[in-house]
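Q: Below is the sequence, then the predicted model.
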Amino acid sequence: MDGGVPDLPVDPLAVLRKRRSAKWQTYPADVLPLTVAEMDFALAEPVADALREAVERSDAGYAMPVPGLGRALADFARSRWDWDVDPASVTAVTDVGVGVVELLRLLARPGDAVVISPPVYPPFFEWVPEAGARLLEVPLARGAAGWRLDLAALEEAFATHPAAYVLCNPHNPVGRAHTPDELAALVRLARIYQVTIVSDEIHGPLVLPGATFTPLLTVPGAAELAVSVLSASKAWNLAGLKCAAIVTAAPRMAAVAGRLPPDGRWRTGHFGAIATIAAFTAGEPWLDRLLATLDRRRVQLADLLRERLPMLSWHPPEATYLAWLDCAAVGPDDQARERFLDRGHVALEPGLRFGAAGSGYARLNFATSAEILDQATAQMAASVI
């Protein structure tokens, strides 16, 4: 409890294990999975109601996200982030990954460089070659205060005139909510060197208490050279329903989005559009309760790590429900993660999936109950004795 707001409910493990999603079907039943970015909480009631009503109407045809998605996202962005989005600037796509890949196909010629900043969400390493481009890695800078964009290194990379930079905002896995000043400096570099920015903002609604999300397109000068790709899928746990949005804010980038494959609209999930519109329209109270719950799990995890696994270090995330754990004291590369799995029967995401900068790290998903998090850290601690 926090200020009278209870945690979101989580079903018992026996019920969770009946889920057929990747998180719960990848490992044997004796393993606690704290891996892929799925949450264990029950669906938001407005979302569940909207899906239930659609099923009861046998409303399972092709998606028609226009104009409802644009209106819902615009209202949410204005309420949540004071961001004025033109509903007509919103293009529905299957998911954020598809949106990024299709944009890169338009922005990059075969063999052009596209910059990313590891450690970063593993599909970034696949999206670029899928679009026919080549990766140019500019790792984040790591300091005493945590991970940050390495603006000096990005300038060197931008000076080689890559086709695009794929930004992760907020940044998965390190949980960094980039500041307005950092984003303004990034936009300045992109303008000088004429580099287009594709901003993956899927975790934007998941900025935790104490931090603020800055949509890239709210930064002065960004509209002419940047595009945002976002979704309700992470914040409301809708990844399997397939609906995301590309947002532009100036004619040049709108023209790019206008060249997207016209058949793409038929690849958006109908239930995904229904659920997304419900989430953006009526899901803010649930989201507020989610963020309060995640904040408590973040504090709980800090206490449990300090008590049981003091050899691990981390910077509590400003955003997401993902903890980026420095496990180098247990072993190099992914040895700690393997020990937690083999001996502790707890599955984390291996750090090397996020690039070479992830060596010695593991990512832990704390979007679960206090009881499961307590059990998981106890088993992890027992595995390193």
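A: Received the coordinates, thanks.
Q: Let me know the pLDDT of the residue nearest to Ala29 when sequence neighbours are not counted.
A: Nearest in space to Ala29, with sequence neighbours left out and distances taken as CB to CB, 6 or more residues apart in numbering, is Arg17 at 6.0 Å. Just so you know, the C-beta spots here come from the backbone N, C-alpha and C atoms, and that holds for glycine as well. pLDDT for Arg17: 97.
Q: Report the separation between Arg17 and Ala328.
A: Taking CB to CB, to the nearest Å as the measure, Arg17 falls 32 Å from Ala328.
Q: that older thread, tell me how far the residue nearest to Ala29 lies from Ile372.
A: The gap separating Arg17 from Ile372 is 11 Å, by CB to CB.
Q: The two: which has the busier surroundings?
A: Set Arg17 next to Ile372 and count neighbours by other CB atoms under 10 Å: Ile372 wins out with 19 against 12.
Q: OK, contacts around the more buried one?
A: Residues near Ile372 by CB atoms under 8 Å, 6 or more residues apart in numbering: 10, 13, 32, 40.
Q: Which helix in the chain has the most residues?
A: In the chain, assigned by DSSP state H, the helix with the most residues is helix 284-308.
Q: Which SSE is immediately downstream of that one?
A: Per DSSP states H and E, the first helix or strand lying C-terminal to helix 284-308 is strand 322-326.
Q: So which elements touch that following strand?
A: The helices and strands touching strand 322-326, judged by 3 or more CB pairs under 8 Å, 6 or more residues apart in numbering; DSSP states H and E, are helix 284-308, strand 361-365.
Q: Describe which strands the shortest one pairs with in its sheet and in which direction.
A: Paired strands of strand 361-365, with direction, are strand 322-326 (antiparallel), strand 349-350 (antiparallel) (DSSP bridges).
Q: Tabulate those (a markdown table), appending mean neighbour count and mean pLDDT.
A: As requested, the strands paired with strand 361-365 are exported to a markdown table (neighbours: other CB atoms under 10 Å; pLDDT from 0 to 100):
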| stretch | mean neighbour count | mean pLDDT |
| --- | --- | --- |
| strand 322-326 | 23 | 98 |
| strand 349-350 | 22 | 98 |
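Q: Compare these and give me the one nearest Val120.
A: Checking those against Val120 by CB to CB gives strand 322-326 as the closest, at 11.1 Å.
Q: now the angle between helix 284-308 and the closest one, please.
A: On the basis of axes from the mean of the first three to the mean of the last three CA atoms, to 10 degrees, strand 322-326 is oriented at 20 degrees to helix 284-308.
Q: How far off centre is stretch 149-162?
A: With CA atoms, centre = their mean, to the nearest Å as the basis, stretch 149-162 stands 23 Å off its chain's centre.
Q: Could you export it as CSV, CA atoms only?
A: Below are the C-alpha coordinates for stretch 149-162, written out as CSV (Å, rounded to 0.1, in the frame of the first residue of the first chain):
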residue,chain,number,x,y,z
LEU,A,149,24.0,9.1,-24.3
ASP,A,150,27.6,9.6,-25.3
LEU,A,151,27.1,12.8,-27.2
ALA,A,152,30.7,13.3,-28.1
ALA,A,153,30.9,9.8,-29.7
LEU,A,154,27.6,10.3,-31.4
GLU,A,155,28.9,13.5,-33.0
GLU,A,156,31.9,11.5,-34.4
ALA,A,157,29.5,9.0,-35.8
PHE,A,158,27.0,11.6,-37.2
ALA,A,159,29.9,13.3,-38.9
THR,A,160,30.2,10.2,-41.1
HIS,A,161,26.7,10.9,-42.4
PRO,A,162,24.7,7.8,-41.4
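Q: ok so, going back, determine which stretch of the helices and strands packed on strand 322-326 is the most buried.
A: Among these, strand 361-365 has the highest mean neighbour count (mean count of other CB atoms under 10 Å), at a mean of 28.
Q: Could you give the average pLDDT over it?
A: Summarised as a single mean, pLDDT over strand 361-365 is 98.
Q: hmm, who's touching it?
A: Applying CB under 8 Å, 6+ apart, the external contacts of strand 361-365 come out as 34-38, 119, 173, 301, 321-328, 334, 336-337, 340, 348-351, 354.
Q: same check, this time on stretch 53-61
A: Under CB under 8 Å, 6+ apart, the answer for stretch 53-61 is 270-271, 274.
Q: change it to 6 Å
A: Residues from elsewhere that reach stretch 53-61 (CB atoms under 6 Å, 6 or more residues apart in numbering): Ile274.
Q: Now do the end-to-end distance for it.
A: Using CA to CA, to the nearest Å, the end-to-end distance of stretch 53-61 comes to 14 Å.
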